[in-house]
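In: Have a look at this prediction, sequence included:
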Amino acid sequence: MKQDSTELLMCSPEHYGIHYVINPWMKLSRPSDPQRSLAQWTALHEILERLAGTVHVIAPASGLPDMVFTANAGLPVGERFFLSRFRHEQRQHESPHFRKWFEARGFDIVEFPEDVYFEGAGDALFLGPTLFAGYRYRSDIRAHTLIAEQQGIQVLSLELADRRFYHLDTCFAPLNGESALYYPKAFDPYARQVIEANVEDAIAVPAEEALRFVCNAVVIGRNVVIHQDCPRTCKELTARGFGVHETDLSEFIKAGGSAKCLTLQIR
Ligand code: ARG
């Protein structure tokens, strides 16, 4: 049954693969399997089609294996789209494709200055009206200031402290206005304090489940979609009344991404 009017953007994995190394998960000696990738992506897409109002799919482009991770396209806020400026050259060529898609749908495109990196919803997550934003490995803190100024919203900047959790959405997941999953050790001590002081119900996940990308969760109303085999966090979620949908995303974890990275919430 459709839960709400959530609109998501995904990109099919025809050109997905491990063709370069830009995070500690990626290893050229550990390639992904194209057939399994497509099957896992299709299963995720089916789950999301059931739960979300609309799932849009952008055409993939050859030579851009990480374009499947649409969370990094940019950050949609109302009618604006803050277009990502990727830190690594390998992903910078994705931006013209995403720009075109959002322009065609009437969004006002906002670009960051040339020396300011920002990797979209991968590093910026709303919890109620507040934007929690990660920086250090991919996005720059100056991008947060620009978003706060342009939107007139509160942005809480969080410094990341473990390269394996290089985007905020690998270690932090807002569930609703008051709760969020997080992996404390992925943050520097002050960022941890900021989370604990500003999230009423901050649920710390165990290390072994954080490493299975449990924080990389797609949240649609009362439903949470994650990679499989995270029993302790599932228990916390069901105790709070969430429906948990587990699905195998192991082929994408090889690139350092899971469910949430494969989607971008556009409304
Ligand atoms: N290989 C991609 C990269 O390193 C994975 C991106 C994962 N996306 C995310 N939102 N965490 O850029």
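Out: It's in. Just so it is clear, the structure is predicted and the values come from calculations on it, not from any experiment.

In: Which stretches in the stretch 101-250 of the chain count as helices?
Out: 141-151, 189-198, 207-210, 231-239, 250-253 (DSSP state H, counting those that start in this stretch).

In: winner for burial among the ones you listed?
Out: Of all these, helix 250-253 carries the top mean neighbour count, a mean of 21, counting by mean count of other C-beta atoms under 10 Å. Backbone N, C-alpha and C define where each C-beta goes, glycine included.

In: Contacts only, for the residue in the stretch 51-200 of the chain that the ligand sits nearest to.
Out: Ranking the residues of the stretch 51-200 of the chain by distance to the ligand (C-beta to the nearest ligand atom) places Gly122 first, at 2.9 Å. By C-beta atoms under 8 Å, 6 or more residues apart in numbering, the contact list for Gly122 reads Phe69, Ala71, Asn72, Arg138, His167, Leu168, Asp169, Cys261.

In: and which of those is nearest Ala148?
Out: Closest approach between the contacts of Gly122 and Ala148, by C-beta to C-beta: Leu168, at 15.6 Å.

In: My read is that that closest one contacts Leu158, right?
Out: Yes: between Leu168 and Leu158 there is a contact at 6.5 Å, judged by C-beta atoms under 8 Å.

In: Mutual contacts of those two, please.
Out: Phe132, Ala133, Gly134.

In: Can you give me every residue that contacts the first one?
Out: Contact analysis of Phe132 by C-beta under 8 Å, 6+ apart lists Ala124, Leu125, Phe126, Val155, Leu156, Leu158, Leu168, Phe172, Pro174, Ala180, Ile195, Asn198.

In: quick one: low-confidence ranges for the chain?
Out: 1-4 (pLDDT under 70).

In: For it, which residues are neighbours of the ligand?
Out: Neighbours of the ligand within the chain, by C-beta under 6 Å from any ligand atom: 22-23, 26, 66, 69, 71-72, 91, 122, 167, 169-170, 255-257, 261.

In: Relative to its centre, which residue of this structure is most distant?
Out: Ser29 (25.2 Å; C-alpha atoms, centre = their mean).

In: If any of the contacts of Phe132 are buried, give me the PyMOL selection for them.
Out: Only the buried entries of the contacts of Phe132 go into this PyMOL selection, using 16 or more other C-beta atoms under 10 Å:
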select buried, resi 124+125+126+155+156+158+168+172+174+180+195
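
In: would you list every one of the strands in the stretch 151-267 of the chain?
Out: For the stretch 151-267 of the chain, the strands defined by DSSP state E, counting those that start in this stretch occupy 155-159, 172-174, 179-182, 201-204, 218-220, 223-227, 243-247, 264-265.

In: Residues touching stretch 36-48, excluding its own?
Out: So stretch 36-48 is contacted by 8, 10, 12-14, 16-17, 55, 57, 68, 218, 220, 225, 245, 247-252, 259, 262-263 (C-beta under 8 Å, 6+ apart).

In: All set, thanks.
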